[in-house]
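Enquirer: Quick one, fold the following:
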Amino acid sequence: MTWTYTTQQGDTWDVLAHDIYGSEYLAYIIIMANPNYMKYVYFPAGIKLTIPQTPRVKKDSNPKPPWAVY
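Expert: Here you go, the predicted model:
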(Lines give C-alpha, C1' and ligand atoms only; values in the text may rest on other atoms or scores of the structure.)
Protein backbone atom coordinates (compact mmCIF):
# COMPACT_ATOMS: atom_id res chain seq x y z
CA MET A 1 0.00 0.00 0.00
CA THR A 2 1.27 3.45 -0.83
CA TRP A 3 0.14 6.99 -0.14
CA THR A 4 1.22 10.42 -1.32
CA TYR A 5 2.88 13.27 0.49
CA THR A 6 2.98 16.84 -0.80
CA THR A 7 6.28 18.47 0.04
CA GLN A 8 6.74 21.65 1.95
CA GLN A 9 9.53 24.10 1.17
CA GLY A 10 12.77 22.76 2.63
CA ASP A 11 11.79 19.12 3.11
CA THR A 12 14.67 16.65 2.68
CA TRP A 13 14.75 12.91 2.03
CA ASP A 14 16.28 12.02 5.38
CA VAL A 15 13.92 14.15 7.45
CA LEU A 16 10.91 12.73 5.59
CA ALA A 17 12.15 9.18 6.23
CA HIS A 18 12.70 9.94 9.90
CA ASP A 19 9.25 11.49 10.27
CA ILE A 20 7.48 8.74 8.30
CA TYR A 21 9.45 5.57 9.13
CA GLY A 22 11.23 6.59 12.33
CA SER A 23 14.71 6.33 10.78
CA GLU A 24 16.62 8.54 8.38
CA TYR A 25 18.46 5.42 7.22
CA LEU A 26 15.30 4.41 5.34
CA ALA A 27 15.36 7.46 3.05
CA TYR A 28 16.43 5.22 0.17
CA ILE A 29 12.95 3.62 0.17
CA ILE A 30 11.30 6.95 -0.59
CA ILE A 31 14.02 7.91 -3.07
CA MET A 32 13.64 4.63 -5.00
CA ALA A 33 9.86 5.14 -5.18
CA ASN A 34 10.35 8.65 -6.64
CA PRO A 35 13.25 8.46 -9.13
CA ASN A 36 12.16 11.60 -11.01
CA TYR A 37 12.99 13.70 -7.95
CA MET A 38 16.40 12.23 -7.05
CA LYS A 39 18.07 15.50 -8.02
CA TYR A 40 16.54 17.32 -5.07
CA VAL A 41 18.35 17.77 -1.80
CA TYR A 42 15.89 20.39 -0.53
CA PHE A 43 12.39 20.20 -1.95
CA PRO A 44 10.31 23.12 -3.11
CA ALA A 45 6.70 23.16 -1.94
CA GLY A 46 4.05 21.25 -3.85
CA ILE A 47 5.80 18.11 -5.17
CA LYS A 48 3.72 14.96 -4.72
CA LEU A 49 5.87 12.05 -3.57
CA THR A 50 4.83 8.39 -3.46
CA ILE A 51 5.41 6.95 0.01
CA PRO A 52 5.65 3.14 0.16
CA GLN A 53 4.25 1.16 3.06
CA THR A 54 6.30 1.26 6.22
CA PRO A 55 8.87 -1.54 6.13
CA ARG A 56 8.86 -4.00 8.99
CA VAL A 57 12.09 -3.72 10.94
CA LYS A 58 13.06 -5.83 13.93
CA LYS A 59 13.32 -3.74 17.09
CA ASP A 60 16.81 -5.04 17.82
CA SER A 61 18.13 -4.31 14.33
CA ASN A 62 19.85 -1.15 13.17
CA PRO A 63 18.71 -0.58 9.56
CA LYS A 64 21.34 0.77 7.23
CA PRO A 65 20.99 2.02 3.67
CA PRO A 66 22.27 -0.34 0.97
CA TRP A 67 25.35 1.82 0.31
CA ALA A 68 26.54 1.62 3.93
CA VAL A 69 29.32 -0.92 4.11
CA TYR A 70 30.39 -0.38 7.70
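
Enquirer: how distant is stretch 17-29 from the center of its chain?
Expert: In terms of CA atoms, centre = their mean, to the nearest Å, the centre of stretch 17-29 is set 5 Å apart from its chain centre.

Enquirer: Contact partners for Asp14?
Expert: The contact partners of Asp14, by CB atoms under 8 Å, 6 or more residues apart in numbering, come to Glu24, Ala27. (C-beta placed from N, C-alpha, C; glycine too.)

Enquirer: So for the one helix or strand it maps to, what gets flagged as buried?
Expert: Here Asp14 is covered by helix 13-21, with elements defined by DSSP states H and E. Buried residues in helix 13-21, counted by 16 or more other CB atoms under 10 Å: Trp13, Asp14, Leu16, Ala17, Ile20, Tyr21.

Enquirer: Including pLDDT and distance to Lys48, could those residues go into JSON lines?
Expert: Output for those, formatted as JSON lines (pLDDT from 0 to 100; distance: CB to CB, whole Å):
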{"residue": "Trp13", "pLDDT": "97", "distance to Lys48": "15"}
{"residue": "Asp14", "pLDDT": "96", "distance to Lys48": "19"}
{"residue": "Leu16", "pLDDT": "96", "distance to Lys48": "13"}
{"residue": "Ala17", "pLDDT": "95", "distance to Lys48": "17"}
{"residue": "Ile20", "pLDDT": "93", "distance to Lys48": "15"}
{"residue": "Tyr21", "pLDDT": "91", "distance to Lys48": "18"}
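
Enquirer: so after the helix or strand hosting Ala27, what's the next helix or strand?
Expert: When elements are assigned from DSSP H and E, Ala27 belongs to helix 27-33. Downstream of helix 27-33, the first helix or strand assigned by DSSP H and E is strand 48-52.

Enquirer: Give me the buried positions along that following strand.
Expert: Leu49, Ile51, Pro52.

Enquirer: Tell me what angle that strand forms with helix 13-21.
Expert: On the basis of axes from the mean of the first three to the mean of the last three CA atoms, to 10 degrees, strand 48-52 is oriented at 50 degrees to helix 13-21.

Enquirer: Cool, thanks, talk later.
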